[in-house]
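J.: got a structure for you, letters missing:
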DNA sequence: ACACACATGTAATTGGTTACATGATTTC
DNA sequence: GAAATCATGTAACCAATTACATGTGTGT
């Protein structure tokens, strides 16, 4: 049985930061790749068990004696190899599903104010996301610029920033276009 | 039981173009919203049955006597209302999962050539998509520019084009950055 | 004492893809 | 008459979310 995508995020996160618990892995995901990836506990914990059973990760006793009760995991050599093998495979993109664009596409069925509202929501979400990513950028520069993976983190980050900025520009022109029509 | 997203695409597609069969609906989706939405027959046919049972659509006899055996559907008043109600609700975005970015994020675990390959794939896919959308744009202008929904189609299309162009620009700078490092 | 964050897990359900199965009609 | 496309559907499976359930340690 081949690992799921969830398995690979876990392997990847353990490769750049060993000795993480399920809880910790989720937090790491949340504050690093959250703008293009997310995981729920309902996926993480069962996957950790399966990976351990397959020998791709091992539970290791916590290094800090006073720590809470938790299971910390690290990659095995097999796990590292498995991750690298997956990384070398061509990526697959799942079919897209964007409810925002779908509602906008059918915008002719409802008053223009509805679509204008959706676009304003969209713009607001992107503004917030932009702020988050900019924060992440300064944080990353301060703490991790020596890490060997640093340039790749910057690459994904700059992609996110480019997409968001393009989305914000589009939002403005779209709002201008719809407002001109409805007034 | 509330309709799924699939149900709403079907209602929407029937609202802009009545008397479509399941097969036809899928084709319509493929050549209009495919860059941000997709559906499989495995979803469409069961959903059509359910929508008909709920009275949101009706099967109508084919207008063309010589036509093949097929079930064509149209919106009922209830279906139209249901669609409009949904359109007026705030959109929800599902948690993102981008395998390309994930592999790039872990790029430090493998030789740079691997990530360069992924980015080249990504650029190639975006180039093809750009060509498709440009084709779609000219087609749409020629055939449908009188349709009341036209401006909304253009809005989603221009969004797609903006995102793709931004992705292509990023690809070039990313490749430049990685090539400089690896040579 | 209370609230909050830490921490782990299971069960139910949803939403969806893919593969399978079948057959009609058109076009070459 | 063969191949392609039109056309409809089911079954198996999978990936993932959400809600539920439970308990501990820390800070105020």
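T.: Arrived safely. Since this is a predicted model, take the numbers as computed values, not measurements.
J.: Please work out which residues outside stretch A:123-136 touch it.
T.: A:31-32, A:35, A:157, A:160-161, A:164-165, A:167-168, A:171-172, A:175, B:93 (CB atoms under 8 Å, 6 or more residues apart in numbering or on different chains). For glycine as for every other residue, the C-beta is placed from the backbone atoms N, C-alpha and C.
J.: Let's have those in CSV, adding pLDDT and neighbour count.
T.: Below are these laid out as CSV (pLDDT from 0 to 100; neighbours: other CB atoms under 10 Å in any protein chain shown):
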residue, pLDDT, neighbour count
A:31, 91, 12
A:32, 94, 20
A:35, 95, 20
A:157, 97, 20
A:160, 97, 22
A:161, 98, 19
A:164, 98, 22
A:165, 98, 14
A:167, 98, 20
A:168, 98, 15
A:171, 98, 20
A:172, 98, 11
A:175, 98, 16
B:93, 90, 12
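J.: Turn these into JSON lines, including secondary structure and distance to DNA strand D.
T.: As requested, those are arranged in JSON lines below (DSSP: H, G, I helix; E, B strand; the rest coil; distance: CB to the nearest atom of the strand, whole Å):
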{"residue": "A:31", "secondary structure": "coil", "distance to DNA strand D": "16"}
{"residue": "A:32", "secondary structure": "coil", "distance to DNA strand D": "16"}
{"residue": "A:35", "secondary structure": "coil", "distance to DNA strand D": "14"}
{"residue": "A:157", "secondary structure": "helix", "distance to DNA strand D": "21"}
{"residue": "A:160", "secondary structure": "helix", "distance to DNA strand D": "18"}
{"residue": "A:161", "secondary structure": "helix", "distance to DNA strand D": "23"}
{"residue": "A:164", "secondary structure": "helix", "distance to DNA strand D": "21"}
{"residue": "A:165", "secondary structure": "helix", "distance to DNA strand D": "26"}
{"residue": "A:167", "secondary structure": "helix", "distance to DNA strand D": "22"}
{"residue": "A:168", "secondary structure": "helix", "distance to DNA strand D": "25"}
{"residue": "A:171", "secondary structure": "helix", "distance to DNA strand D": "25"}
{"residue": "A:172", "secondary structure": "helix", "distance to DNA strand D": "30"}
{"residue": "A:175", "secondary structure": "helix", "distance to DNA strand D": "28"}
{"residue": "B:93", "secondary structure": "coil", "distance to DNA strand D": "11"}
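J.: which one among those gets closest to residue B:44?
T.: residue B:93 (22.8 Å; CB to CB).
J.: Looks like the closest one contacts residue A:101 (just checking).
T.: No: using CB atoms under 8 Å as the test, residue B:93 is too far from residue A:101 to be in contact (10.4 Å).
J.: Helix, strand or coil: sort out the residue of chain A found nearest DNA strand D for me.
T.: Nearest residue of chain A to DNA strand D (CB to the nearest atom of the strand) works out as residue A:42 at 2.2 Å. In terms of secondary structure, residue A:42 is helix; the call rests on DSSP: H, G, I helix; E, B strand; the rest coil.
J.: tally of neighbours for it?
T.: 9 (other CB atoms under 10 Å in any protein chain shown).
J.: Tell me which strands the helix or strand bottoming out on mean pLDDT in chain A pairs with, and in which orientation.
T.: Scoring the helices and strands of chain A by mean pLDDT, DSSP states H and E places strand A:57-60 at the bottom, with a mean of 91. Its sheet considered, strand A:57-60 pairs with strand A:72-75 (antiparallel) by DSSP bridges.
J.: Looking at the strand it pairs with now, give me its mean pLDDT.
T.: Taken as a whole, strand A:72-75 carries a mean pLDDT of 95.
J.: the domain parsing of chain A - what is it?
T.: Following the assignment in automatic domain parsing, chain A carries domains at A:5-88, A:99-182.
J.: closest one to residue B:18 among the ones you listed?
T.: The nearest among those, by CB to CB, is domain A:99-182 at 13.1 Å.
J.: distance between the closest one and the chain's centre?
T.: Chain-centre distance of domain A:99-182: 15 Å, with CA atoms, centre = their mean, to the nearest Å.
J.: Please apply the same query to stretch A:15-23.
T.: Remark: stretch A:15-23 is offset 16 Å from the chain centroid, using CA atoms, centre = their mean.
J.: and what of stretch A:8-23?
T.: In terms of CA atoms, centre = their mean, the centre of stretch A:8-23 is found 14 Å from the chain centre.
J.: ditto for stretch A:14-33
T.: 12 Å.
J.: tell me which residues in it are buried?
T.: Residues A:14, A:15, A:16, A:20, A:21, A:22, A:25, A:26, A:28, A:29, A:32, A:33 are the ones in stretch A:14-33 that count as buried (16 or more other CB atoms under 10 Å in any protein chain shown).
J.: what's the closest of the domains of chain A to DNA strand C?
T.: Per CB to the nearest atom of the strand, nearest to DNA strand C of the domains of chain A: domain A:5-88, 3.2 Å.
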